[in-house]
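Undergrad: Sharing a sequence plus its predicted fold:
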Amino acid sequence: MSWSDKEPMISVRNVHKSFGDFEVLKGVSFDVMKGEVICIIGPSGSGKSTLIRCINALNDINEGSILVEGLEVNDPKLNKLELRKKVGMVFQQYNLFPHKTALENVMMAPIRVLKEDKKEVETRARALIKKVRLEGKENAYPGELSGGQQQRVAIARSLAMKPDVMLFDEVTAALDPETVGEVLVTIKELAEEGMTCILVTHEMGFAREVADQVYFTDQGLIVEHGPPATFFENAKDPRTRQFLSQIL
Amino acid sequence: MTQRSRSHDAPPKKTDMAVMLPVKRKAHDPFRLKLTPWHGVFLALVCIFTTSYGYATTAPEVDSIRTVMLRWMPLLLEGFLFNILISILSMAVGTAVGTMLGLAQISLMPPIRHSSWFVTQFFRNAPWLVLLFFAMYLLPFEFTIAGVTIPFPDWIKAIIGLSLPVMANVSEIVRGAVLSLPSGQWEAAESLAYTRRQTLWLIILPQCVKRMLPPWMNLYSILTMATVLASIVGVSEVMTLAGRVLAAEDGRTDLLAPLYSFVLFLFFVYCYPIARWTVYLESKFAVKG
Amino acid sequence: MELVYEWFRELYQTTGINLPFIYDSYDRGRLIDGFLTTVELSLICLFFSVVIGIIGAWLQGSSFTWTRRIVNGYIQLFRNTPPLVQLYFFYFAIGSMLPRVETEWGGQAPMLGSFAWAVISLSFFAGAFNVEIFRSGIEAVPKSTVEAAESLGFSRFQIYRDVTLPLAIRVVLPSLNNNLVNLVKTTTLAYAIAVPEMLYESAQIWSDNVNVPEMMIFLLIAYFVLVGILVWGMNRWERALKIPGFGS
């Protein structure tokens, strides 16, 4: 919580990751300061998702170092619980627990994992559900909610763990176009409140609006990065320009 | 992005990147485990362990367990062959009657449909052993047709008793397979002016055979294992013979484990390949839909 | 009550249909005991076979090859050999190897009685099927849902208890139902080692009264009703566990 503003909150250094013979990440490095919003863009298969999954230790890395608030992720003796208290993650497929209501989904981890008091957690969970504008849906099961609604529950579920950083892995990619907006609004509000966020996204307009830094990855490397204004207007690398011309 | 392409790109493309290929699962699935060395070793170990246990505690003047087992093995094998004979005959009778019953369950005439449904459910929910007793005690030991007396020995009654649950299960398999076919098949045949009987025999049933084969084989395996129940009602199959061997050897308790292990082994060797084959067929037919 | 008993005695004298388990207090007692023993045996075996199934499925997910092999060996051995021979093997072969214990009257008795051996043998038999059933259910739980729980800091055990198992149970209920019905029918095998269950007591009654047809019909109806009650109960449970938007 009280991480200083001077040191990078997340420091990724020379990360290599292979699946079998295929090297997905070929030495990636970047820093994220407290309160920063980072967007990672790039073509499919460039290793974006793998990168943020590594930050949450869902994939282990072969080489390099990832420091999250001083915690080394690439350490066999890593206390994963400590890491995951600091880092919240939202997935493309929402991945809510289908047998629990929206409220229960949000409450489950703080009660089970953090062993917090049930009453307190419930108050917080209800507030979070209100925050993601799902009042009245507390007792609905995920199967009864739209994709956008489920994704907002998933965001609330992560926030209930009071993380310092939020990772968003293409959270709008599986949504119907008309529900994309409501999820992006929620994320934008979070960013404006000063939450440190790392987003993997295909929503260029959104990246431009909320990001402090935009990173472009291709074939397992960071090709180029910069503040959105310069990045989108004056991309230097031909690969970046080609990608942007295809997408915009 | 590799994660995503792995789960969402529907048609598997040719690629030399290992990560793009579907994840190969380890040999998690017990059905896919090879029979060869491992299970054999395990069983052999059980036999050897129990045998040597007995051997160590046997007084020197009595025959060793190995000698005793070798002496009786031919008899036990013969008994086991009788089990297989019973299973094949029961399966034949049960399948024949069960198919009729199953077709009656999809009859268009409500009384036939309902009564055959009831018969099926009744025999399906009854324990096999009770049905075996049922046949044993309630069938006459002989019966007379036109002056000719036909004897009805116990083993024939056992076959009938075991074929009752087989019949009920086959009936369900047939009904399930016919109902699982898309109704478009019936409609297409009807539009081509086939009669109901022709549709059933020429179009529906041939397609059903494939679907019925795996559950039918599974049923056969269950039936084979149920043939030992006949020992309870006194038919001279392998378990009965094992009991007699024991009596002939003055009821030595150290013989119990090797004897029963041997019987377990016989059934395993017969039934396990059937189970593996069933699973193979299931997966093969499942792919073709 | 006396009137009812009298009526059945009349029935015997006039028609020859002999139902002594209704009018004769001794036979009635035997049959009720047998019925209760069947119910008790079924319930205890149901419980243990489900426990074995859950533990076995858990062990099958183990990363140790040998743990998985042993579980697989157990499943294949018990599925592909006759349950009756298994029962004999447990009761006679293993039972005779166990030390004998002093009874309170100074005599010698086997350590475990026939009822206990029936429980052990039948539980392992039905358990082998349950392992398979639970494993298929666990495989039906999406990996991504498990990952979401992982990223919320759940431990492996917590994930199994709070996410995987509740979802798997719902998937497997129909096949579990089927297997438990089979288990109830299989309890009749305990007859062979003289456990005084319903079939055994009925056989006693018919050998005393020579009324085989009546007892047979009674038995068929009794098991039909028992199985019916179990199926009804399981279907109710299935409906109670149904969650919107999950499963069919």
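TA: Ah, there it is.
Undergrad: and the helix or strand that C:Trp237 is a member of, what does it pack onto?
TA: Taking DSSP states H and E as the definition, C:Trp237 sits inside helix C:212-241. Contact here means 3 or more C-beta pairs under 8 Å, 6 or more residues apart in numbering or on different chains; DSSP states H and E; on that basis helix C:212-241 packs against helix B:128-138, helix C:25-60, helix C:165-186, helix C:198-209. For glycine as for every other residue, the C-beta is placed from the backbone atoms N, C-alpha and C.
Undergrad: which parts of that helix are buried?
TA: C:212, C:214-216, C:218-220, C:222-224, C:226-227, C:230-231, C:234, C:238 (16 or more other C-beta atoms under 10 Å in any protein chain shown).
Undergrad: closest one to C:Val131 among the helices and strands packed on helix C:212-241?
TA: helix C:25-60 (3.4 Å; C-beta to C-beta).
Undergrad: which helix is the longest one in chain A?
TA: Using DSSP state H, we find that the single longest helix of chain A is helix A:177-192.
Undergrad: average pLDDT for the helix holding C:Trp237?
TA: Averaging pLDDT along helix C:212-241 gives 89.
Undergrad: Okay, the closest residue to chain A within chain C and A:Arg157: tell me how far apart.
TA: Closest approach between chain C and chain A, counting by C-beta to the nearest C-beta: C:Gly245, at 1.3 Å. Per C-beta to C-beta, to the nearest Å, C:Gly245 is found 17 Å from A:Arg157.
Undergrad: Please identify which of these two sits among more neighbours.
TA: Counted by other C-beta atoms under 10 Å in any protein chain shown, C:Gly245 and A:Arg157 do not tie: A:Arg157 has more neighbours, with 30 against 12.
Undergrad: List the contacts of that one.
TA: Counting by C-beta atoms under 8 Å, 6 or more residues apart in numbering or on different chains, A:Arg157 touches A:96, A:105-106, A:108-109, C:152.
Undergrad: Scan those residues and report the most crowded one.
TA: A:Val106 (31 neighbours).
Undergrad: Over the host helix or strand of it, what's the mean pLDDT, rounded is fine.
TA: When elements are assigned from DSSP H and E, A:Val106 belongs to helix A:102-112. Mean per-residue pLDDT for helix A:102-112: 93.
Undergrad: Same question for stretch B:187-197.
TA: Mean predicted confidence for stretch B:187-197 is 85.
Undergrad: One more: stretch C:6-21?
TA: 84.
Undergrad: So which bits of it are buried?
TA: C:8-9, C:12, C:18-21.
Undergrad: Wait, C:Pro244 touches A:Tyr141, no?
TA: Yes: checked against C-beta atoms under 8 Å, the pair C:Pro244 and A:Tyr141 is within contact range at 4.7 Å.
Undergrad: hmm, the helix holding A:Val106 touching chain C?
TA: Yes: counting by C-beta under 8 Å from any C-beta of the partner chain, chain C has neighbours in helix A:102-112: A:108-109, A:112.
Undergrad: Could you check which of C:Pro244 and A:Tyr141 has the larger neighbour count?
TA: Applying other C-beta under 10 Å to C:Pro244 and A:Tyr141 shows that A:Tyr141 carries more neighbours, namely 20 against 13.
Undergrad: That one against C:Gly245, yeah?
TA: Yes: at 6.1 Å, A:Tyr141 counts as touching C:Gly245 under the criterion of C-beta under 8 Å.
Undergrad: same for the helix or strand bottoming out on mean pLDDT in chain C, what does it pack against?
TA: The weakest-scoring helix or strand in chain C, judged by mean pLDDT, DSSP states H and E, is strand C:108-110 (a mean of 75). If you count contacts as 3+ C-beta pairs under 8 Å, 6+ apart, strand C:108-110 packs onto strand C:100-102.
Undergrad: for whichever helix or strand B:Tyr220 is part of, which positions count as buried?
TA: Per DSSP H and E, B:Tyr220 falls inside helix B:205-226. Under the neighbour-count criterion of 16+ other C-beta under 10 Å, helix B:205-226 has B:205, B:208, B:211-226 buried.
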